[in-house]
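S.K.: Kindly generate the corresponding structure for this input.
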Amino acid sequence: MNPIFLSTEILFIDFILSKWFFIETCSIVGSFVLFVFATIYSWFDFSSQTKLQTYVICMAAIFELGILSSELMIDRTLIQLSLCTAILVCGVFHILVLKLRIIDGSIHSRSLFRAKKFNPENTTVEIREPGISIIMKTGDLILRNDNSKIRLSGLKNPDLIRRKLIDKFGVLPHFQRATWAGTLWIFLFLIIVIAVIECCLFILINQAMPANGVTQSVGSLAVWFIANMCILNVRIPRYPNDPADDLRHQTKIAEGMWTEIFHEKDGWVTKQFFRCGWGHNDYTEHRVPVIGSKICGKWNPLVLVIIHSAMLIYQMIGVKRRIVYQDFIRALPKTKLEVRAPYRYSQQWVENEFVSENMPQDVHSQMSDLQEDLSRVGLFIDDMHAANFRIDQGSKIQAIDGELYTDGEVFVKSLLVRLVDGHRVEGMSPVLGYDRIVRWVDHRASVDDILR
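M.R.: Numbering: from 1, shown residues only. Prediction:
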C-alpha cells in the first residue's frame, strides 16, 4: 500500500499547485515543492523503498527544472503521472522479489536490490510496524549481524515471523523502543477526516435552509444534530457467527467487557475478543449518543459498532505489542497470536491469583522492575487492577491483561475514557506510585488496597 499512498500524495500536491496556485506548467516552485516533499518523506523513512522513492522524486524535480530551462512545453501533471507510474512499478517489483526463507538452517533474505544470508546464532531480529501497517497486518522485519543488516518491508504478519525466528530457529531479539506517537497520527488523521465531513454536512444544511441570520444558524445546527443522531443510531446487524463457537466445549474461566477466557491444553489459555453483539457488551454506563438500549445484541447502533471496532483494533495492537515486548518486559507472560481465528490469542497460564495469601515478599521490587522495563521500551500498561495481575510458580508477578500504550497514545486514551466512560471510572491512578503502571479508579480491587 505504501507506493499507492505515496502516489496519491504526489497527485494531491499537483492538484493543490494547479487549483490554488495556478501552476500548471513546469516551474521553479513546483520543482522546489517536490524537493521539499522528498526531504520530508525521506525523514519519515516509511519502508525499505523510501531511499529509492526519494531518488525518483528528486529526479522528477530535476527533470522539471531541465524542462523549464529548455523551450519544451510540458504539462507538469504529465510529469507527476510519470513519477507515480515509476513509483508503482518499483513497488510491484519489490513485492515480486521480497523473500525470507530458511534453507539448511540459514536465513536467506532478499529485498529489491539486496540479498543476504544470515546464521541464526549470531543474528538479531527487529520488527518495525509504522502507522497504518499495524492495522493492515503488514510491516518491516530487520535482520542484523556483526557485518550487515537488511530491512524487509511489506511482509505479512511480521510479528509472527519474528516470533518464529526467535522461538524455533534461535535468532536473538534485537532491543527496540516504541515511538512516542505510536498510532497517534492515524487517530488524528481520522479525527480530521471526520471533522471535515461534519463541516461539509453543516455547510450543505446551512445553505439549504430557507431562513436567514440567527434563525438560519440555529435551524442548521438543530438539523445537523438530528441528522447525526439518525446516522449514528442506524441499526447494524451483528456478525452472524459466534466467534467463540469452537471453544464452547472448553471450560470458561473468566469473562470481561471484551473477552471470554477458556482453558487450553499444555499450560496455555485462549482469549477471545468479541465483535459488537457477541459476548458481554454492556454500554449502559457509557456516555454514547444512543437512542434506546445500550446493550449490544443482534442489531446495534452504528455508533456502538464504530466504538467497539476501534477498541478491538487497539486491543489487538496491544496483543501484538505483548508478542514483541515480552522479550524485554519481564512481567509479561508469553503470548502467541491465533491466526486461524480473528480477534483471538493464547497466553501462558499463570497459576496463582494476586491475593495476600500468595504475595511474594519482594512484590514492591518486582513492580519497580516492571516500571523500569516499561520506561526502557517507552510504554505504559493500563487497566492494571489487582485481578489483571497473577503470580507464577516462581513467585513472579505477571501482568496477564492490560493494554500497552505509547507516551502519546496514553494521553489521548485517558481523555477518551473520561469522556465516554466517565460514569464508571473517576480517573487514572498509578499502581503503588509507579506512573507507567496505571489503573482506572472504579469498583474493582486495586493492588494498593491488597498490599495496604
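S.K.: who's in contact with Asn2?
M.R.: Asn2 makes contacts with 46-47, 49, 91, 153-154, as judged by C-beta atoms under 8 Å, 6 or more residues apart in numbering. Every residue, glycine included, has its C-beta placed from N, CA and C.
S.K.: Show me the domain layout of the protein.
M.R.: Domain ranges of the chain: 2-96, 98-173, 184-232, 350-452, per automatic domain parsing.
S.K.: Select, out of the ones you listed, the one closest to Arg287.
M.R.: Closest to Arg287 of those is domain 350-452 (C-beta to C-beta; 5.5 Å).
S.K.: got the residue ranges for the strands in the stretch 51-200 of the chain?
M.R.: Remark: strands assigned in the stretch 51-200 of the chain by DSSP state E, counting those that start in this stretch are 99-103, 106-110, 115-118, 124-128, 138-144, 149-156, 172-173.
S.K.: Switch these over to CSV; also include mean pLDDT.
M.R.: CSV is the format used below for the strands of the stretch 51-200 of the chain (pLDDT from 0 to 100):
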stretch, mean pLDDT
strand 99-103, 92
strand 106-110, 92
strand 115-118, 90
strand 124-128, 90
strand 138-144, 90
strand 149-156, 89
strand 172-173, 94
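S.K.: Next, format those strands as a markdown table and append mean neighbour count and distance to Ser368.
M.R.: Shown next, in a markdown table, are those (neighbours: other C-beta atoms under 10 Å; distance: least, C-beta to C-beta, whole Å):
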| stretch | mean neighbour count | distance to Ser368 |
| --- | --- | --- |
| strand 99-103 | 12 | 39 |
| strand 106-110 | 16 | 37 |
| strand 115-118 | 16 | 37 |
| strand 124-128 | 20 | 27 |
| strand 138-144 | 21 | 31 |
| strand 149-156 | 19 | 34 |
| strand 172-173 | 17 | 23 |
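S.K.: State the pair within the contacts of Asn2 that is farthest apart.
M.R.: Phe46 and Gly91 (11.9 Å).
S.K.: quick one, which of the two is more surrounded?
M.R.: Counted by other C-beta atoms under 10 Å, Phe46 and Gly91 do not tie: Gly91 has more neighbours, with 22 against 19.
S.K.: just so I know, which of the strands of the stretch 51-200 of the chain lies nearest Ile191?
M.R.: For the strands of the stretch 51-200 of the chain, the distance to Ile191 is smallest for strand 138-144, at 23.7 Å, taking C-beta to C-beta.
S.K.: Who are the packing partners of the closest one?
M.R.: Applying 3 or more C-beta pairs under 8 Å, 6 or more residues apart in numbering; DSSP states H and E, one finds that strand 138-144 contacts strand 124-128, strand 149-156, helix 158-169.
S.K.: any low-confidence regions in the stretch 51-200 of the chain?
M.R.: Low-confidence segments of the stretch 51-200 of the chain (pLDDT under 70): 129-135.
S.K.: can you rerun that using 50?
M.R.: Along the stretch 51-200 of the chain, no part satisfies pLDDT under 50.
S.K.: correct me, but Thr25 touches Thr77?
M.R.: No: the criterion here is C-beta atoms under 8 Å, and Thr25 misses it with Thr77 at 9.6 Å.
S.K.: hang on, the earlier thing: distance to Leu17 added to the contacts of Asn2, as CSV?
M.R.: Output for these, formatted as CSV (distance: C-beta to C-beta, whole Å):
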residue, distance to Leu17
Phe46, 23
Ser47, 26
Gln49, 25
Gly91, 24
Ser153, 29
Gly154, 30
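S.K.: out of those, which one sits closest to Met428?
M.R.: Out of the contacts of Asn2, the member with the shortest distance to Met428 (by C-beta to C-beta) is Phe46, at 32.9 Å.
S.K.: I'd like to know which of the domains of the chain is closest to Ile329.
M.R.: Closest among the domains of the chain, using C-beta to C-beta: domain 350-452, at 4.3 Å.
S.K.: Please state the offset of that closest one from the chain centre?
M.R.: In terms of C-alpha atoms, centre = their mean, to the nearest Å, the centre of domain 350-452 is found 21 Å from the chain centre.
S.K.: residues in contact with the nearest residue to Lys156 once chain neighbours are set aside?
M.R.: Residue nearest to Lys156 in three dimensions, not counting chain neighbours: Thr138, with 5.6 Å by C-beta to C-beta, 6 or more residues apart in numbering. Counting by C-beta under 8 Å, 6+ apart, Thr138 touches 1, 154-158.
S.K.: how about a cut-off of 7 Å?
M.R.: Listed by C-beta atoms under 7 Å, 6 or more residues apart in numbering, the contact set of Thr138 reads 154-156.
S.K.: Show me where the stretch 301-450 of the chain has its helices.
M.R.: With helices called from DSSP state H, counting those that start in this stretch, the stretch 301-450 of the chain shows them at 302-325, 363-377, 407-420, 447-451.
S.K.: Pick the most buried one from those.
M.R.: Most buried of those by mean neighbour count (mean count of other C-beta atoms under 10 Å) is helix 302-325; its value is a mean of 19.
S.K.: mean confidence score for it?
M.R.: The average pLDDT within helix 302-325 is 89.
S.K.: Touching it from outside, list them.
M.R.: Outside of helix 302-325, the residues within contact range by C-beta under 7 Å, 6+ apart are 127, 134-135, 159, 163, 183, 231-234, 236, 258, 273, 275-276, 281, 283, 288-290, 296, 332, 335-337, 343, 345, 377, 379, 403-404.
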